[in-house]
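1. Got a sequence here, can you model it:
(3 chains)
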Amino acid sequence: MSTTEPLETEAATDGGLPIPSQARIGRFWRDLRDSVAGAVVGEEPALRLLAVAMLADGHALIEDVPGVGKTLLARAFARSLGLSFNRVQGTPDLLPSDVTGSSILEVGRLRFVAGPVFANVLLVDEINRATPRTQSALLEAMQERQVSIEGETRPLPAPFLVVATQNPVELEGTFSLPEAQLDRFLVRVTMGYPDRDGERLIARRYRGGTEPLDRIEPIVDRDSLLALQRAVSEIVVSDAVEGYAVDLVRATREHPDLRLGASPRTSVALFRSSQAWAALAGRGFVLPDDVVAVARPVLGHRLLLDVDRLLRGATVERVLTEVLGSVPVPVPASER
Amino acid sequence: MRWSWRADLLPVALDGLFEGSLVGVAYLAIASGSARPSAPLSLVEFCFAAAAGVVWARLRPREVPRVLWIAAFTLLAGVLGWLADPAARAALTVHADLPGAISVHPAGWLLGVSVIRGVVHEEAADEIETSTRAFAYAFPVLAASWLLRLGSGGSFVGPALVGSAVCVGAGLLAIGYARLRELELLGSDSRGGHTWPMLATGVVVVVAALAIPTALLTGTSARDVASTVGGPVGGVTGALFAPLGNLLASLASALGQLLSGIHLPSLPGLGGSGNGSGSAGEGGGGNASGAPGASAVAGSGGSPPLVLVVLLALVGLVVVAAVLAALVRRFAAARPAKPAATRPREERHREIRGPRLTFHLALPAIHPHVASRRRPASAAEAYVALLDELADRGDLARQPAETPRSHADRAGSSALPRVPLGLLAADYQLAIYGRTEISERETARALGRWRHLRLVARRQLRQ
Amino acid sequence: MTRAGLALGLALVAAGIVARTPGLVLIGLLAVFAVSVTELWSRYGLRDLRYLRSIGRNRAVWGDEVPLDIAVWNDKPLPLAWLSIDDYATQGAVVLEEPLARSERPGFTILRSRWTVGWYERIVRHLTIVADHRGVYSFGPVRMTVADLFGHGAATQEHQDRGSYIVRPRSLPVHLASQQHAPAGYLRARHSLFEDPALFAGVRPYQPGDPMRRVHWRATARTGATVSKRFDPSRALEVLVALDVQTLPGPHWTLQFDEELVESLMVAAASLARAALAEGASCGLAAAAFSRTLDRFAVVAPRAGRDQLASITDMLARLSETPSAPFEHLLARLLQTVSPGTTVLVLTARDPEPYIAALARLDRSGCHVQLVGLGPNGDRAVARARAVGLAATTGSLTPDWRTSDALVLAS
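-> From the prediction side, this is the model:
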């Protein structure tokens, strides 16, 4: 799809607004995937998680080595959704007002100049290079969906998605995001290197001097996107799946390799992410498989390893593998 | 103290049989050249001497120099061997002719060599290398002994044949036993102690399977063998076992009557035992009317019947195997074992892949046996019932942390039909996770899939 | 050899028949049988035979026990009466259940496993590696030998299957013996060139070139003159642990060392790094020791984060017990590379007289040098450092680095 269209809807409504069908959500995903593929080669899993973050009304943290296309992916994603997009480069001298905005004196009056945070999609590159104070200002905006500047509260646009990137190979002069603030991100995305064929395709695309982003056209409009978000929140989560998700989160608190397991807020994040994942698959209900699929991106950055276990080779990946392998999936004979 | 009765008796016996019979065959090759009906010493003495050499070396007190300790016993054995010949004793005592006495029975000194061969096995830790090395030149020594006595008569052929067979068999058993002990010390459980009896039986069967027909085909007399091999010990043993021999002779006689004798022609001109020629053919009828007695075992003026020999051989094999098995069980606990806390934990599994031979025919599925449990009434119940059915199939059972979809993918790619299983799982997911009402038609289909999958699973189980 | 044995056996059989000597026939048949058995195992024994080694984890701390599973799978109908697998291990590796045998290869020992394996049988043996010495250890290559139970017909194959694990030194809590010491008194913040937006320090007149976002608009509106915001420089703790590996006096090329002191230094270095990182500092390591690389000095650049402790302890695991260069050479290099304001914790177990001048120069360059003396010479080291105006404390691991539960720093 290259043009935005009104969504097909079922008869159901939510406060008078039409709710898109699961089929429509599935089609949205396919269109998004095809659109972004024009600029980004082979990053479908990462794109899917960004879509999950958008539909679940969360934020995404992309953590990977330099040069794998983090910024390009975020830009292509924003352009495909037809949303306003701003980018902020994390540097040690970045002030909070550089992100949120400030008032300037103009013709004897103070005029508020909105910061880059006033966009539907905000890309914060190398968030770990910004000072903790600036990080806090941004993360507060992410949580509250509004900013308070000079006593005045200004709401942020909807939908609002922050895509932050950071380099896991931390160099001197970085400020690691505290664990409590990592919790603000719904999912953590890794991209990895493309395979050989993919890398050749990337080189071929840039050979002609054209910008791949220029080929991307929006596939959906803002109102449709909001409707999709509402539809996702209606995805059915059965008692069995709900219990399974909670059990997974609770299991992380009891794992001996962890100093800090996932918080109850993580259960909510897991629910919402599972709903979005199921919706992208064109389904109206969540399967345990959906919970398993989003468990690593949702839980991975929320777990704090015990230092002594870390020194003995424990990793978050291994902990998650053990948790997913030990928590039983409920298979009741009936829904009751 | 390097000697332990319980741990060392069997390997010492094997070493004694191996080294003793090796030297004994060489002795027979030398001694049989003399103008005498039979050699003064038998294989048994050499085996005992070799075994005694092992024990003597291991019992050496630390304060006594090794050379002196061994030399003294070796000299004693050599003297005893030399003086086993009455002619040598007479030459020495009556005529006081030492050089003459030595020249009468010089081969008797080989008894001392047998002791030295036993001493070589002093260190149990080096048993593998020692036995392997000794076994390597056993064949040339045996071959040389036989070549030395080409065309010899029954006084050499019979006992040397037995000695060669015992030498090779005992040598293989000694090496095998030592290796098994090493494996156990290194932590392998040697397949629960079954390897040794299997090995021993295998070696004995193979050696016997080669030696007995060779002996029979060459017309070797069992009596000659027994009397020469046993010598004085054999005579005493024969007297002790005379009643058993009489019983065996009676049985052989009865069997011979029943079977009217079984003849196995010997190769013409092969073997030097005059008594052996044609003896097998006459044995069956010869004993049929003869009175049973001790002489029947040794043969009254002729070789015992073939059937008796074969029967005795089989009985002997069984006795040997039983004794070995009993020794294994008795001495298993005596083997030096590592403390339980430091033994590596070992698991063994057998997984036969590829085509499996089976003669089992699948039972007709006309009236399949249905377990007495509540029949499922819905698609969800049918799926859960199927999981219950698969619960005892390790490879097909759903793991607790496995989702229905991933279980269907896994089980459907191995033994169960993928499509019906996937559809049944999908029905379940729709009903339970999706809270969706399944239509009656679909429920019926789901129940049909359940029945089909259940049958397939049971068929797999039976295979 | 097999063909020769077979020929010999057949020749004996033929000779026995011709010479009418049953013994030769028997010996020949037995020889042929033995050769046949040997040939069977030597030709087919190694087929479809797999060996797998699994080390429970590739990182351990001194004193840990690491599971080691070795498995062999005979995927064929021919049983293996005697199978020997030699898994070469670097010297110093310790397996609880099996003493490692000496190897013909220098620097290696052998984990020797012997089995009888039935047909289609898979055996898994569970062993335990004892991490009783700091270092980097590896297993592999693997040599498999099959033979019949009588030791004949050995067929051998070697695989380059390798696995490794690292034993890191212990890291203990750091306690300060004196109440007068501030909890982080041995760490001093480094002043950054960058201003910290959290540290608003007032306003100053606008200067051409100031970015518009620095302008304090409300103050400008109030005062009528354009003013810019002013911030204090951000302060970041940066610590570098400089480890003097040499434990005995004399030239640096000496191969003698005091093992107890060396291990105490490693534990102390890991403990100090852990404490610094826990307080949010960036921490690094530098040592004039061999680290299994071509570099003359072993350096871990200062970084913050939990993974940094793993990097530092990995480096400590690799360090040699003897120095690769004089310690003063390392200090001279640090003079050029370390940022001013960095706290340099010098760990030593000997009299620092050979390099005290270099320490003083480093301190004068803007770094904050603090010496920590361990062992019997700790007091002397502290006294000498203080004599030239350097901060110094003694460190102790009581009763020893193996059983101590804290590194105690005392003035």
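2. pLDDT below threshold where in the stretch 101-250 of chain A?
-> Along the stretch 101-250 of chain A, the model assigns pLDDT under 70 to residues A:170-174, A:208.
3. Give me the domain ranges for chain B.
-> Split into domains by automatic domain parsing, chain B comes to B:1-188, B:226-343, B:379-462.
4. any idea which of those domains scores lowest on pLDDT?
-> Least confidently modelled of the domains of chain B is domain B:226-343, at a mean of 54 by mean pLDDT.
5. ok, the host helix or strand of C:Leu30 near chain B or not?
-> Assigned by DSSP states H and E, C:Leu30 falls within helix C:22-44. Yes - under the criterion of CB under 8 Å from any CB of the partner chain, helix C:22-44 makes contact with chain B via C:Pro22, C:Gly23, C:Leu24, C:Val25, C:Leu26, C:Ile27, C:Leu29, C:Leu30, C:Ala31, C:Phe33. All C-beta atoms are positioned from the backbone trio N, CA, C, and that covers glycine.
6. want to try JSON lines for those residues, with distance to B:Val44 as columns?
-> Conversion of the residues of helix C:22-44 next to chain B to JSON lines gives the following (distance: CB to CB, whole Å):
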{"residue": "C:Pro22", "distance to B:Val44": "21"}
{"residue": "C:Gly23", "distance to B:Val44": "19"}
{"residue": "C:Leu24", "distance to B:Val44": "24"}
{"residue": "C:Val25", "distance to B:Val44": "24"}
{"residue": "C:Leu26", "distance to B:Val44": "20"}
{"residue": "C:Ile27", "distance to B:Val44": "21"}
{"residue": "C:Leu29", "distance to B:Val44": "25"}
{"residue": "C:Leu30", "distance to B:Val44": "22"}
{"residue": "C:Ala31", "distance to B:Val44": "26"}
{"residue": "C:Phe33", "distance to B:Val44": "26"}
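7. buried sites along the helix holding C:Leu30?
-> Within helix C:22-44, the residues that count as buried by 16 or more other CB atoms under 10 Å in any protein chain shown are C:22-35, C:37-39, C:41-42, C:44.
8. residue boundaries of the helices in chain A?
-> A:22-37, A:44-55, A:70-80, A:96-100, A:132-144, A:179-182, A:196-207, A:222-233, A:239-253, A:264-280, A:288-299, A:307-311, A:316-326 (DSSP state H).
9. Next, see if the shortest one gets close to chain C.
-> No - using CB under 8 Å from any CB, no contact is recorded between helix A:179-182 and chain C, whose separation bottoms out at 9.7 Å.
10. could I get the helices of chain A as CSV with distance to C:Leu127 and mean neighbour count?
-> Supplementary listing: the helices of chain A in CSV, determined by distance: least, CB to CB, whole Å; neighbours: other CB atoms under 10 Å in any protein chain shown:
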stretch, distance to C:Leu127, mean neighbour count
helix A:22-37, 49, 19
helix A:44-55, 39, 23
helix A:70-80, 44, 23
helix A:96-100, 56, 22
helix A:132-144, 48, 20
helix A:179-182, 37, 16
helix A:196-207, 40, 12
helix A:222-233, 51, 19
helix A:239-253, 30, 20
helix A:264-280, 39, 23
helix A:288-299, 32, 24
helix A:307-311, 22, 19
helix A:316-326, 21, 16
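11. Report how many residues lie close to the residue nearest to A:Glu179 when sequence neighbours are not counted.
-> The spatially closest residue to A:Glu179, leaving aside those adjacent along the chain, is A:Leu304, at 5.4 Å (CB to CB, 6 or more residues apart in numbering or on different chains). The number of residues packed around A:Leu304, counting by other CB atoms under 10 Å in any protein chain shown, is 17.
12. which helices and strands does the helix or strand harbouring C:Asp86 pack with?
-> Assigned by DSSP H and E, C:Asp86 belongs to strand C:80-90. Here strand C:80-90 is seen to pack against strand C:49-55, strand C:65-74, strand C:108-117, strand C:135-147 when contacts are counted using 3 or more CB pairs under 8 Å, 6 or more residues apart in numbering or on different chains; DSSP states H and E.
13. Quickly compare the ones you listed and say which is most buried.
-> strand C:108-117 (a mean of 21; mean count of other CB atoms under 10 Å in any protein chain shown).
14. Return the helix or strand following that strand as CSV; C-alpha atoms alone will do.
-> In the C-terminal direction, the helix or strand that comes right after strand C:108-117 (DSSP H and E) is strand C:121-130. C-alpha atoms of strand C:121-130 as CSV (Å, rounded to 0.1, in the frame of the first residue of the first chain):
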residue,chain,number,x,y,z
GLU,C,121,25.6,-47.1,23.0
ARG,C,122,26.0,-43.6,24.3
ILE,C,123,27.9,-43.0,27.5
VAL,C,124,28.0,-39.7,29.3
ARG,C,125,30.5,-39.3,32.1
HIS,C,126,29.9,-36.4,34.6
LEU,C,127,33.1,-34.9,35.9
THR,C,128,33.9,-31.9,37.9
ILE,C,129,36.6,-29.3,37.2
VAL,C,130,38.0,-27.7,40.3
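15. Whether strand C:121-130 contacts chain B - can you check?
-> Yes - remark: strand C:121-130 sits within contact range of chain B at C:Glu121, C:Arg122, C:Ile123, C:Val124, C:Arg125, C:His126, C:Leu127, by CB under 8 Å from any CB.
16. what's the angle from that strand to strand C:49-55?
-> Calculated by axes from the mean of the first three to the mean of the last three CA atoms, to 10 degrees, strand C:121-130 forms an angle of 30 degrees with strand C:49-55.
17. packing partners for strand C:121-130?
-> Applying 3+ CB pairs under 8 Å, 6+ apart, one finds that strand C:121-130 contacts strand B:345-350, strand C:65-74, strand C:108-117.
18. Can you lay out these as JSON lines showing distance to chain A?
-> As requested, these are exported to JSON lines (distance: least, CB to the nearest CB, whole Å):
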{"stretch": "strand B:345-350", "distance to chain A": "20"}
{"stretch": "strand C:65-74", "distance to chain A": "9"}
{"stretch": "strand C:108-117", "distance to chain A": "21"}
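19. No further questions, thank you.
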